[in-house]
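Participant: build me a model:
(one chain, ligands or ions: 1)
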Amino acid sequence: MGEAEVKPKKAGPVQCSICSQRRAALKRPKTLEQICRECFYAVFEEEIHRVIVDNQLFKPGERIAIGASGGKDSTVLAYVLSELNRRHNYGLDLFLLSVDEGITGYRDDSLETVKRNEIQYGLPLKVVSYKDLYGWTMDEIVKMIGLKNNCTFCGVFRRQALDRGAAMLKVDKLATGHNADDIAETVLLNILRGDIARLSRCTSIITGEDGPIPRCKPFKYTYEKEIVMYAYFKRLDYFSTECIYSPNAYRGFAREFIKDLERIRLLPLTLFQQ
Ligand SMILES: Nc1ncnc2c1ncn2[C@@H]1O[C@H](COP(=O)(O)OP(=O)(O)OP(=O)(O)O)[C@@H](O)[C@H]1O
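Facilitator: Sure thing, here's the model as predicted:
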């Protein structure tokens, strides 16, 4: 997915509007408050904790796989979940689960990042590959079918690969790094496609509860820009290149449209989820 601006907007020489003690280091995209780094970390993490608690995303003793692509969202998710698990005694067993689609120059590099995260965050990593599960890599599939519809194949395979990896890890749930921007884009795409069934499902914070492994989105209300800022200030180790096979023009259009609305502050992102 597209990268939000990495450099946070510089706040002037003003005091943090939360602690009134330190100098503001950024303007928070969600609220436009000028705050210091420490208060930003605290409100960012606390909001995610509240989402987890209010929506009862996890139960004590559960085994949770974090879908880890090496990108900013899932890297921040792995970091924040392991911090909150410790701080608030969630009692969760956390794992990283990566799908290797077999895309040379993209997934091989991002998997190296996830392998470093495994050590940095002390979370066991399981990698499942399209080659092992299906006998094909995406490189081979694209060679056969070209760049048309390849994202659709890949999406279906990845979904199933995540389910199979989660079953191998014997986890109770899978957490993904889908954020408020991703969900707003999906809402808009489902409206444009007239896909009413998906439209009613796509904003749920937990899906697949009737299936073998439910999925949840702890970043449902988290803005992408804030995830990027958090990763930037905390110097988290993540991989920031787009998939070489995904021009995905339609989603790109939805993304630009939503960013325009947000820029002129016509709509807060989370309004798409109501
Ligand atoms: N190859 C993968 N292996 C494991 N999980 C994945 C993989 N690709 C995507 N996911 C999961 O699905 C979420 C949404 O994926 P998407 O492709 O939209 O990437 P994204 O929004 O750029 O997220 P990220 O920054 O984590 O890559 C990711 O945050 C991650 O939890």
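Participant: now the host helix or strand of residue 79: buried residues?
Facilitator: Using DSSP states H and E, the element containing residue 79 is helix 72-87. Neighbour counts over helix 72-87 (16 or more other CB atoms under 10 Å) mark 72-82, 84-85 as buried. No exception for glycine: its C-beta is placed from N, CA and C like everyone else's.
Participant: how about TSV for the residues you listed, with pLDDT and distance to residue 50 added?
Facilitator: Formatted as TSV, those follow (pLDDT from 0 to 100; distance: CB to CB, whole Å):
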residue	pLDDT	distance to residue 50
72	97	22
73	98	19
74	97	21
75	98	21
76	98	17
77	98	16
78	98	19
79	98	18
80	98	13
81	98	14
82	98	18
84	98	11
85	98	15
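Participant: and the two most separated of these?
Facilitator: Maximum pairwise distance in those, criterion CB to CB, is 20.1 Å, between 72 and 85.
Participant: before we move on, the earlier item: near the ligand, which of the buried residues of helix 72-87 show up?
Facilitator: The subset of the buried residues of helix 72-87 within reach of the ligand, by CB under 6 Å from any ligand atom, is 72, 73, 74.
Participant: so what's the most centrally placed residue in the chain up against?
Facilitator: Nearest to the mean C-alpha position of the chain, counting by CA atoms, centre = their mean, stands residue 177 at 2.0 Å. Taking CB atoms under 8 Å, 6 or more residues apart in numbering as the criterion, residue 177 is in contact with 66, 67, 69, 71, 72, 73, 74, 75, 76, 77, 219, 227.
Participant: cool, and residue 42?
Facilitator: Taking CB under 8 Å, 6+ apart as the test, what residue 42 contacts is residue 18.
Participant: which SSE is it in?
Facilitator: Going by DSSP H and E, residue 42 is part of helix 37-54.
Participant: repeat that for residue 96.
Facilitator: Using DSSP H and E, residue 96 falls in strand 93-100.
Participant: low-confidence ranges, the stretch 1-150 of the chain, go.
Facilitator: Counting by pLDDT under 70, the stretch 1-150 of the chain shows low-confidence ranges at 1-12.
Participant: sorry, that was for the stretch 151-274 of the chain
Facilitator: Ranges of the stretch 151-274 of the chain meeting pLDDT under 70: 247-249, 265-274.
Participant: residues from the stretch 101-250 of the chain in reach of the ligand?
Facilitator: Close to the ligand, as judged by CB under 6 Å from any ligand atom, the stretch 101-250 of the chain has residues 158, 176, 177, 178, 182.
Participant: just the ones of those residues in helices?
Facilitator: Among these, the members found in helices (DSSP state H) are 158, 182.
Participant: can you put the residues of the stretch 101-250 of the chain next to the ligand in a markdown table and add distance to residue 188?
Facilitator: As requested, these are exported to a markdown table (distance: CB to CB, whole Å):
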| residue | distance to residue 188 |
| --- | --- |
| 158 | 22 |
| 176 | 19 |
| 177 | 19 |
| 178 | 15 |
| 182 | 11 |
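Participant: and which of the residues of the stretch 101-250 of the chain next to the ligand is nearest the ligand?
Facilitator: Among those, residue 177 lies closest to the ligand (CB to the nearest ligand atom), at 2.6 Å.
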